[in-house]
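Engineer: Below are the sequence and a predicted model; questions follow.
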Amino acid sequence: MAILSGEAVKEKEQAISLAQLMEASWRRLSAVARAGSGFQQQVVTRVLEDPARWRKWEAEHNGLMSGIAAHREVTPQLTAMRSTALGLIHRKALFEFLRANQGLNQQRRQLMALFHARRRTSEALLLEHTAYLECACSHMCSTHVGAHLMTDGTFQEPIEYYETQYTEYFQSFCRCALAGPGDQSLAAEGALLPYHRYDLKQQRQAIL
């Protein structure tokens with residue numbers, strides 16, 4: 001798994017402005033809406049076709065990109081974009097677990113109580129669905145902009161690999177959290193979680 005450093009970017013290249021980051025993001029969403037995978041199209045269309053949801057996503061994404069554009073040198077911008085992409089992977093993981101395990105109707109309340117202790121289950125589910133749509137769109141944009149506008153190879157194999165590993169870890173964490181006190185079937189899986197967390201930490205450090 002090769003990770004390209006910011007030094008791979010030519011020194012003559014300049015930092016990218018907020019306007020460039022937002023324009024590239026809009027173009028990415030438009031391209032996905034026209035020719036993305038079926039599920040990607042569904043996610044993007046739900047944002048694009050709802051004016052209120054679109055305005056909210058645009059404001060949230062503008063905030064993310066503003067943090068990146070605030071750096072006026074290429075290497076810090078690359079690090080900030082990588083950090084943003086990793087954060088979006090983390091934020092959308094809970095809804096992805098729910099989507100992959102739709103049969104856990106009775107355990108949703110327990111899971112929502114774990115992550116949203118002060119919210120009703122229905123409110124927490126709606127919050128997670130909204131957050132997922134926004135984070136999924138921003139993740140599509142961030143990885144595309146990082147790979148194609150910033151020409152940083154880290155946004156291809158390394159971050160894709162990290163997302164796969166983090167998804168596996170998070171789903172394992174949720175399965176263990178939902179297991180009953182007398183359930184020994186997931187004991188071995190739970191015992192491996194600290195090692196998975198350590199490995200992910202090492203991967204994040206290498207990426208950043």
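Structural biologist: It's in.
Engineer: so what secondary structure elements neighbour the biggest helix by length in the chain?
Structural biologist: The helix that spans the most residues within the chain, counting by DSSP state H, is helix 121-144. If contacts are counted by 3 or more Cβ pairs under 8 Å, 6 or more residues apart in numbering; DSSP states H and E, helix 121-144 sits against helix 18-35, helix 38-48, helix 51-69, helix 74-91, helix 93-100, helix 108-115. In this view, the C-beta of every residue, glycine as well, is placed from N, C-alpha and C.
Engineer: angle of that helix against helix 93-100?
Structural biologist: Inter-element angle recorded for helix 121-144 and helix 93-100: 110 degrees (by axes from the mean of the first three to the mean of the last three Cα atoms, to 10 degrees).
Engineer: Tabulate the CA atom coordinates of helix 121-144 in CSV.
Structural biologist: As requested, the backbone C-alpha atoms of helix 121-144 are provided in CSV (Å, rounded to 0.1, in the frame of the first residue of the first chain):
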residue,chain,number,x,y,z
THR,A,121,-34.6,6.5,18.8
SER,A,122,-36.7,8.0,16.0
GLU,A,123,-34.9,11.3,16.3
ALA,A,124,-31.5,9.7,16.4
LEU,A,125,-32.2,7.6,13.3
LEU,A,126,-33.3,10.7,11.4
LEU,A,127,-30.2,12.5,12.5
GLU,A,128,-28.0,9.7,11.4
HIS,A,129,-29.7,9.4,8.0
THR,A,130,-29.3,13.2,7.4
ALA,A,131,-25.7,13.1,8.5
TYR,A,132,-25.0,10.2,6.3
LEU,A,133,-26.3,11.8,3.2
GLU,A,134,-24.2,14.9,3.9
CYS,A,135,-21.1,13.1,4.8
ALA,A,136,-21.4,10.6,1.9
CYS,A,137,-21.6,13.5,-0.6
SER,A,138,-18.7,15.4,1.1
HIS,A,139,-16.6,12.2,1.1
MET,A,140,-17.2,11.7,-2.7
CYS,A,141,-16.1,15.2,-3.2
SER,A,142,-13.1,15.2,-0.9
THR,A,143,-11.6,12.0,-2.3
HIS,A,144,-12.2,13.1,-5.9
